[in-house]
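Engineer: Sequence and computational prediction follow.
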Amino acid sequence: MPKGKKKGKSDRSRVDGSLQTSDDDSFENASVMSNYSENHSVDENNDGADDYVPDQQHEDKLNDIVDGLMQKSSQGRTNCYTMLRNALIKKHAPAFVKDRLFTLCDCVEKSLKKGIAAEVTEAAELATVMAVQLGVDESADGVWQSLRPILLAIACDKAATPLVRAKCCATLGNIAFLTDVEVGEILTLMQQLEAIFAGSYLKGDGIAPNVTTEVAQLHAAALSSWSLLFTLMAPGNIATMMNNSKVLPTLEHLSELLESSHLELRLSAGEALVLVFELGREEDKDFAEDFALDIAETLRQLATDSHKYRAKKDRKQQRATFREVLQYIENDTASDVQIKIGRRVLPLNSWVKRKHYDTLCNILGPSINIHLLENDLLKDILEIEPVEESRILAHTQNQIDRAKRKVLNAANFKARTISRAKNRDKRSDF
């Protein structure tokens, strides 16, 4: 049997150690805009922090990780970004982030400017989680003000790798969505994002441009962030803005992206179109009625696509997504999706709410359960009503009574077992 040094707790929690993460599994038959179960529930009694040490020790470990963000090793800094992001995702700790906001923003900004691709990606993802943690606190605006210029510069830098630019586009959209940004800044950012995904518009001869997979992912990320910011537009002048290509892209331009040969970009285009129609119909029931009739045939082809040159998984995901898109554009009906949060039920009865929930799921993953119960910002975004205090106390008391009955029944069962064993012994002797 080979001998070696057994790893202890200190080795596993080393600041500059490697950390492996696994991507969330996706449902093959689910659309990208409803990649959650309709019967999904959040248990209020499970805080998801079973693997956490007491608060003081936990905070000491986080401080060590923050110190590791300033080390000389690029790989070490990348690992620290990953560990800090995972720790902040699993636990709601706004006070920790607020007390160290200047230090964290300074480290993230330096990594964005001088770091390698992996470090830039992790730093950008940490910035989004910081905005989630700060929530409704006014200090959350500091994340946007300090990091927006460098994130936007990287997103528009054609010399940077497409995947890094894509991550910066997603981070810009998420932070602008989570913080209190003025409408003028949002419109400016949406125009800059359009300048990125406009590279996939049809050429003058009506043929889709030939772009690489990485560039298509960049365009899809920019379009997805654009769609998220579009949900912040108040109904009133949406039709005017959509008809003016200098303000927002026209419906014709968005529909051109459905011709892309890349699945991710087609799905993002379908999502953008259905969000535009939903908000447009809030201000006018007959919003773009003629265009809806023209685009329906294209959506129907995508919803029934059976081309064998596409992967089977891609065909399933595309058909599931565009069936829902076509159903809404033709019949003005959306799928009824409900999320159970403890004793409450959150209805996702609109595409806007589904987009918001999907965005938060992409940021927080399974740990969204914890933040939905503790983070006021998420409650405001998803319009989660607070549970009455009397109901909480009654539920807690009921749980205590059930625990007492369980212990009493266990004691009675043990006593009966001992008594019966003695009687069996006597019958055996007789």
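Structural biologist: Noted; the coordinates are in hand.
Engineer: Rounded mean pLDDT for the helix or strand in which residue 406 is found, please.
Structural biologist: Using DSSP states H and E, residue 406 sits in helix 389-429. Taken as a whole, helix 389-429 carries a mean pLDDT of 70.
Engineer: what's the answer for stretch 60-75, then?
Structural biologist: Mean predicted confidence for stretch 60-75 is 91.
Engineer: Could you list the low-confidence segments of the stretch 251-400 of the chain?
Structural biologist: 342, 386-398 (pLDDT under 70).
Engineer: the helices in it, which residues?
Structural biologist: 251-256, 263-283, 289-303, 312-331, 351-364, 368-374, 376-382, 389-429 (DSSP state H, counting those that start in this stretch).
Engineer: center of the chain - which residue?
Structural biologist: residue 362 (2.2 Å; CA atoms, centre = their mean).
Engineer: picking up where we left off before, can you tell me which of the helices of the stretch 251-400 of the chain is most buried?
Structural biologist: helix 263-283 (a mean of 22; mean count of other CB atoms under 10 Å). Quick note: C-beta positions are derived from backbone N, CA and C, even for glycine.
Engineer: Compute the inter-axis angle for that helix and helix 351-364.
Structural biologist: Helix 263-283 runs at 140 degrees relative to helix 351-364, counting by axes from the mean of the first three to the mean of the last three CA atoms, to 10 degrees.
Engineer: so what does helix 263-283 touch, helix or strand wise?
Structural biologist: helix 213-230, helix 238-243, helix 251-256, helix 289-303, helix 312-331, helix 351-364 (3 or more CB pairs under 8 Å, 6 or more residues apart in numbering; DSSP states H and E).
Engineer: can I get the ones you listed in CSV with distance to residue 170?
Structural biologist: Shown next, in CSV, are those (distance: least, CB to CB, whole Å):
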stretch, distance to residue 170
helix 213-230, 5
helix 238-243, 23
helix 251-256, 19
helix 289-303, 24
helix 312-331, 19
helix 351-364, 8
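Engineer: do you know which of the ones you listed lies nearest residue 277?
Structural biologist: helix 312-331 (5.7 Å; CB to CB).
Engineer: Distance to residue 88 for the helices of the stretch 251-400 of the chain - can I get that in CSV?
Structural biologist: Formatted as CSV, the helices of the stretch 251-400 of the chain follow (distance: least, CB to CB, whole Å):
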stretch, distance to residue 88
helix 251-256, 35
helix 263-283, 27
helix 289-303, 38
helix 312-331, 30
helix 351-364, 10
helix 368-374, 10
helix 376-382, 14
helix 389-429, 26
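Engineer: I appreciate the help and will end here.
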